[in-house]
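J.: Show me how the following folds:
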Amino acid sequence: MDINTKTFLFGIIGKPIGHSLSPYLHNYLFQHYKLNAVYLAFETDDVKNAIAGMKSLGIQGFSVTIPNKVSVLEYLDELDESVKIVGAVNTIKNNNNFLIGYNTDVFGVFKSFQIHNVDCNNKKIVIIGSGGACRAVISALISNYKINEIKILGIKLDEINDLLNLIKLFSNTYSSGYIINDISLKNSLFDADIIINTSPIGMSPKIDESPIPFDLLPENKIVFDVVYNPIKTKLLQFAEEKKCKIISGLDMFKFQAQKQFQIFSNIEPDIEIITNLLASKIK
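T.: Numbering: from 1, shown residues only. Here you go, the predicted structure:
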């Protein structure tokens, strides 16, 4: 593809972003679908000037990652429904300098449950971690299911309380939160139906870590780890040994990427192409 004055520019803004697979993925898809577009990585946490540059240079779309997902909201003209519960943006589309924010992580979570035939209705759910990924999981759950109970275990009490208030604001789901330790894990996990890790514990390069010790993980549960590198985290390895149904974070990542590319290009890419691309990069 020749880059010229008609080439559309997309990118990702965040810091750090050297590990991001988004440039690899989106550029491959642009070439596959014969679109005159390129996707670059912009390492920045200066959201105000990044958005000014987007408008000035005519950049058509941004992926947004940490630490910009919340701070970027005040510079957008419209928020998609996917943002209104989660309170964070990971995708921006520029329509003639009218900026619309989306959160495709929420779609990625929902599709992950869907393709694994997991019905979250009337289930008791335990979520490990209280950061941005937890917000996306909560949004997907309370937007699509009637949940029996949500328990949140994290390391920051203020984050946990914010999430509990978020749940109360948008649903009637019973919820509670605890500082994570062996006692709270044991008490929360024994009667859980679905266990979800939204913390970065177990992510490459610290692949030998698990947010839940083997002896505290109960048998025959559904275990979803949003970490996608490695594909089968130590937690998911433990879960398999405990005869649990497992869901990898790769599913969430690939479906959010599919939705994001569709927002950027108005083309829904073949999910198998995305799956194979990611599998070739992640072990």
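J.: Now do the contacts for the spatially most central residue of the chain.
T.: Geometric centre of the chain, nearest residue: Asp105, 3.8 Å, by CA atoms, centre = their mean. By CB atoms under 8 Å, 6 or more residues apart in numbering, the contact set of Asp105 is 86, 90, 133, 136, 252, 256. C-betas here are computed from N, CA, C, even on glycine.
J.: The residues you listed in strands, which ones?
T.: Among the contacts of Asp105, no member falls in strands (criterion: DSSP state E).
J.: As a markdown table, those with pLDDT would be great.
T.: Shown next, in a markdown table, are these (pLDDT from 0 to 100):
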| residue | pLDDT |
| --- | --- |
| Val86 | 88 |
| Asn90 | 94 |
| Ala133 | 88 |
| Ala136 | 93 |
| Met252 | 95 |
| Gln256 | 95 |
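J.: Sitting in helices, which of these do you find?
T.: Counted as lying in helices by DSSP state H, out of the contacts of Asp105, are 133, 136, 252, 256.
J.: burial measure for the first one, as a count.
T.: When counting by other CB atoms under 10 Å, one arrives at 22 neighbours for Ala133.
J.: That one contacts Thr198, correct?
T.: Yes - Ala133 is in contact with Thr198 according to CB atoms under 8 Å; the separation is 3.9 Å.
J.: joint contacts of these two?
T.: By CB under 8 Å, 6+ apart, the residues touching both Ala133 and Thr198 are Val226.
J.: remind me which residues of the stretch 1-150 of the chain are low pLDDT?
T.: Counting by pLDDT under 70, the stretch 1-150 of the chain shows low-confidence ranges at 1.
J.: Please enumerate the strands of it.
T.: Applying DSSP state E, counting those that start in this stretch to the stretch 1-150 of the chain gives strands spanning 8-14, 37-43, 61-64, 78-79, 91-95, 98-102, 124-128, 149-154.
J.: and the closest residue to Ser176 other than its chain neighbours, how far is that from Asp225?
T.: Using CB to CB, 6 or more residues apart in numbering and skipping the chain neighbours, the partner closest in space to Ser176 is Lys151 (5.4 Å). Taking CB to CB, to the nearest Å as the measure, Lys151 and Asp225 are separated by 17 Å.
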